[in-house]
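Got a sequence here, can you model it:
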Amino acid sequence: MTSPTDKPGAAAEALRGRPRRRRLGSGMRRGVPLPLLVPALLGLAFLIVPLIALIVRTPWHSLPEQLASPEVWQALQLSLLCATAATAVSLVLGVPLAWLLARTDFPGRGLVRALVTLPLVLPPVVGGVALLMALGRNGIVGKWLDAWFGITLPFTTAGVVVAEAFVAMPFLVISVEGTLRAADPRYEEAATTLGASRFTAFRRVTLPLIAPGVAAGAVLAWARALGEFGATITFAGNFPGRTQTMPLAVYLALQSDPEAAIALSLVLLTVSIAVLAALRDRWMTAS
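From the prediction side, this is the model:
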């Protein structure tokens, strides 16, 4: 039981501490060094001005006509379908992989983690070439898929899904692994102590705990898949109605119809803003 003398001391300490934090914060805001302020503002302008220029140069008078084009809707529908399918593949494969990296200790775990995150820094075109060498008609895996099952992935809609999942899955794995490491493993241990299997403990205990991290990772993976260009055009090609997604349509339109390219870019910009809005509780409200 807390004695009466403890409460005034704690209250006085809290009262003494709060003004110090406020004074420190306000002082730091007032005393921003000029050598830091100038490059910070330049960096902000460097990131924002191109987006503003895209909005300013958008042909608003012809925008409805541009967006009503059958080719645009075809590319948009294909992009949404493939990005959603790639996200589903990432969830099915990436969540167990994240659990393996976060909850188990095995030889070479650091190397496996490095290989998992490699597509984040690998040039997308190189990723597309690697997919061709692995899953192409003459690839080390693709030739057996073709011979045994008659499955050919390059230059098909399924190839678009594979290429997008290849570059998007690491975003999901990193997000889920970080959430798993922050979650208390004692809940899983308690469930296994009560007789639940490891899979049951994961399904009934761990998965609900990490659901926000899984959702955030899925949104990131979906956005990355939607904007994928290099691996898609290298592995799946650019065939309208079959493999031509929105980024590929932007690239193609830029060569012949810049206004159409700007209109398509505006659609992707809107989707990106929507993704940030969906993640605002995770990032944008952090202080």
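
Going by C-alpha atoms from here, please, whenever you check contacts or count neighbours.
Will do.

and the residue nearest to the spatial centre of the chain, what does it touch?
By C-alpha atoms, centre = their mean, the chain has its centre lying nearest to L220, at 2.3 Å. Shown in contact with L220 (C-alpha atoms under 8 Å, 6 or more residues apart in numbering): A168, F171, L172, V275.

Which one of those residues is nearest to F46?
V275 (21.3 Å; C-alpha to C-alpha).

Next up, the contacts around that closest one.
Each residue near V275 by C-alpha under 8 Å, 6+ apart is listed here: V219, L220, A223.

helix, strand or coil for the last one?
Here A223 takes the helix state, with states given by DSSP: H, G, I helix; E, B strand; the rest coil.

Look up how far I233 lies from it.
17 Å (C-alpha to C-alpha, to the nearest Å).

For whatever helix or strand P64 lives in, which helices and strands make contact with it?
In this assignment (DSSP states H and E), P64 forms part of helix 63-67. Packing partners of helix 63-67 (3 or more C-alpha pairs under 8 Å, 6 or more residues apart in numbering; DSSP states H and E): helix 258-278.

per-residue confidence averaged over the helix it packs on?
Mean pLDDT, helix 258-278: 83.

Could you do stretch 73-83 as well?
90.

Please name the residues that touch P247.
Residues in contact with P247, defined by C-alpha under 8 Å, 6+ apart, are G227, E228, F229.

What residue, apart from its backbone neighbours, is nearest the last one spatially?
Which is F229. Excluding the flanking residues, the one nearest F229 by C-alpha to C-alpha, 6 or more residues apart in numbering is P247, at 5.8 Å.

And the second one, by the same measure?
Nearest in space to E228, with sequence neighbours left out and distances taken as C-alpha to C-alpha, 6+ apart, is E164 at 6.2 Å.

Relative to G227, how far out is the one you found?
9 Å.

One more: P119?
15 Å.

Kindly report the same for R181.
29 Å.

Please identify which of the two sits among more neighbours.
In this view R181 and G227 are compared by other C-alpha atoms under 10 Å, and G227 has more residues nearby, 21 against 15.

show me what contacts the more buried one?
Applying C-alpha under 8 Å, 6+ apart, the residues contacting G227 are M246, P247, L268.

Relative to V49, which of those is nearest.
L268 (17.0 Å).

Next up, the contacts around the closest one.
Contacts of L268 (C-alpha under 8 Å, 6+ apart): G227, M246.

hey, C-alpha coordinates of the one helix or strand L51 maps to in CSV?
Per DSSP H and E, L51 falls inside helix 34-56. The C-alpha coordinates for helix 34-56 follow below in CSV (Å, rounded to 0.1, in the frame of the first residue of the first chain):
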residue,chain,number,x,y,z
LEU,A,34,20.4,26.8,-40.3
PRO,A,35,22.8,24.2,-41.8
LEU,A,36,20.2,21.5,-41.0
LEU,A,37,17.1,23.6,-42.0
VAL,A,38,18.3,24.5,-45.5
PRO,A,39,19.1,20.9,-46.7
ALA,A,40,15.9,19.7,-45.0
LEU,A,41,13.8,22.1,-46.9
LEU,A,42,15.6,21.3,-50.1
GLY,A,43,15.0,17.6,-49.5
LEU,A,44,11.4,18.2,-48.9
ALA,A,45,11.1,20.3,-52.1
PHE,A,46,13.0,17.6,-54.0
LEU,A,47,10.4,15.0,-53.0
ILE,A,48,7.3,17.1,-53.3
VAL,A,49,7.8,19.4,-56.4
PRO,A,50,7.7,16.5,-58.9
LEU,A,51,4.4,15.3,-57.5
ILE,A,52,3.0,18.9,-57.6
ALA,A,53,4.2,19.2,-61.2
LEU,A,54,2.4,16.0,-62.1
ILE,A,55,-0.8,17.4,-60.7
VAL,A,56,-0.3,20.8,-62.3
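
Enumerate the positions of stretch 199-207 that are buried.
By 16 or more other C-alpha atoms under 10 Å, the buried positions in stretch 199-207 come out as A201, F202, V205, T206, L207.

Pull the number of nearby residues for the residue lying closest to F202 once chain neighbours are set aside.
The spatial neighbour of F202 that comes closest, neighbours along the chain excluded (C-alpha to C-alpha, 6+ apart), is E188 at 7.1 Å. Neighbourhood size, E188 [other C-alpha under 10 Å]: 21.
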